[in-house]
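*Asks:* would you be able to build a 3D model of this:
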Amino acid sequence: MDDLDLRLVRSFTVVAGHRHFGRAAAELHLTQSSLSRQITRLEQQVGARLLDRTPQGTCLTEAGEAFLPLAADVLRSAASAVAHTRSIARPSRITVGYTGNLIVTPAVRALRHRHPDADVRALHLHWDDARAALLDHRVDAAVVRLPLPSTGLHVTVLYDEPRVLLIPSDHRLAGKESVTLDDIADEPLPRASDTEWDAFWRVDPRPDGRPAPDGPLITAIEDKIELVASGQAVAIIPAGPAVGGTGLRPDLTIVPLADVEPGHVAVATRAGDRNRLVAAFRKCAEACLTG
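*Replies:* Next comes the predicted model:
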């Protein structure tokens, strides 16, 4: 079999994503006939038919369904290899990721001051994207809230951050000096798809072994805030600047939680990364980012 042509592999993933040759050809800036020829060549290389055209559009064959996740892995690995090689060849560039409402500016400014010739960039990441962004070389360091799966990473805690309860301003607990988990024993909390994150930020199970009441599954912080504001749930969030700008909303308030351990803010980098700017940023983060 000939070596796989990554250009053909990418074309296949775009068609598979759109399930339509016309829309895929437009995204790839190709004619439909050129795209069809590319898919045919890929099928010849793979030795199996991957796509079928139907009156409703395009569908994956059984072989195509099996090949699609492998194709995506091949493209990610190729992109990661290129990015890693460039980072070694050009150690004067670093991209710092950050999640939520975490502020990295003091450490980024300190790094720029110490390395004025370096290209130092900051990039906001979705709350659950930090590890993938590091391993895919989209960022070289990330300031994140834990928990974070640490396999393949070097993670250092920067500071502790108390956890507080986010509730509607007219909630029965609003205005209290503090509350305990017993006070919200029957209150649903929004769920997250990441099981470790979900367990930590919902305190599930509770210290007595009881499960935390389930709320709706959410993927965006903004949806969590809206659920709380509408009275459908309460949420445990980090203290400090209110998550998602909730400090600007008069219909929400926070109350300290008296019986839970604090959360942790950390800096994460790839294990074994030799970029001198990565080590320098870690030092700047530990010196400048103290909560």
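
*Asks:* and D2, what's its pLDDT?
*Replies:* With respect to pLDDT, D2 scores 60.

*Asks:* cool, A71 as well?
*Replies:* In this model, A71 is scored at 89, pLDDT.

*Asks:* list the contacts of it.
*Replies:* By Cβ atoms under 8 Å, 6 or more residues apart in numbering, the contact set of A71 is 9, 12-13. C-beta here means a position set from N, CA and C on the backbone, and glycine is covered the same way.

*Asks:* what segments of this protein are helices?
*Replies:* 6-18, 21-28, 32-46, 62-89, 105-114, 130-135, 195-202, 221-229, 276-288 (DSSP state H).

*Asks:* grab the nearest non-local neighbour of A239.
*Replies:* Setting aside the residues directly before and after it, A239 is nearest to P162 in space (Cβ to Cβ, 6 or more residues apart in numbering), at 4.2 Å.

*Asks:* coming back round to it: most neighbours, which of the contacts of A71?
*Replies:* When neighbours are counted by other Cβ atoms under 10 Å, F12 leads these with 26 neighbours.

*Asks:* what's the burial count for the nearest residue to that residue once chain neighbours are set aside?
*Replies:* Spatial nearest neighbour of F12, chain neighbours left out: L42 (5.6 Å); criterion: Cβ to Cβ, 6+ apart. Counted by other Cβ under 10 Å, the residues lying close to L42 total 23.

*Asks:* for the residue lying closest to L35 once chain neighbours are set aside, which residues are in contact?
*Replies:* Leaving aside its sequence neighbours, L35 sits nearest to A25 (Cβ to Cβ, 6+ apart; 4.5 Å). Listed by Cβ under 8 Å, 6+ apart, the contact set of A25 reads 31-32, 34-35.

*Asks:* try it again with 10 Å
*Replies:* The contact partners of A25, by Cβ atoms under 10 Å, 6 or more residues apart in numbering, come to 11, 14-15, 18, 31-36, 38.

*Asks:* what does T180 give?
*Replies:* 165, 257-260.

*Asks:* what about the helix-or-strand element of the chain with minimal mean pLDDT, distance to the chain center?
*Replies:* One helix or strand of the chain scores below all others by mean pLDDT, DSSP states H and E: helix 62-89, with a mean of 81. The chain centroid and the centroid of helix 62-89 are separated by 18 Å, computed with Cα atoms, centre = their mean, to the nearest Å.

*Asks:* how about that helix: buried residues?
*Replies:* Buried positions in helix 62-89, judged by neighbour count with 16 or more other Cβ atoms under 10 Å: 64, 67-68, 71-72, 74, 87.

*Asks:* tabulate the helices of the chain (a markdown table), appending distance to L173.
*Replies:* Output for the helices of the chain, formatted as a markdown table (distance: least, Cβ to Cβ, whole Å):
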| stretch | distance to L173 |
| --- | --- |
| helix 6-18 | 46 |
| helix 21-28 | 50 |
| helix 32-46 | 58 |
| helix 62-89 | 45 |
| helix 105-114 | 34 |
| helix 130-135 | 32 |
| helix 195-202 | 17 |
| helix 221-229 | 12 |
| helix 276-288 | 35 |
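
*Asks:* coming back round to it: take the buried residues of helix 62-89 and write them to JSON lines, including distance to W201.
*Replies:* As requested, the buried residues of helix 62-89 are exported to JSON lines (distance: Cβ to Cβ, whole Å):
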{"residue": "G64", "distance to W201": "38"}
{"residue": "F67", "distance to W201": "37"}
{"residue": "L68", "distance to W201": "33"}
{"residue": "A71", "distance to W201": "34"}
{"residue": "A72", "distance to W201": "29"}
{"residue": "V74", "distance to W201": "35"}
{"residue": "S87", "distance to W201": "32"}
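
*Asks:* having no further points to raise, I will conclude here.
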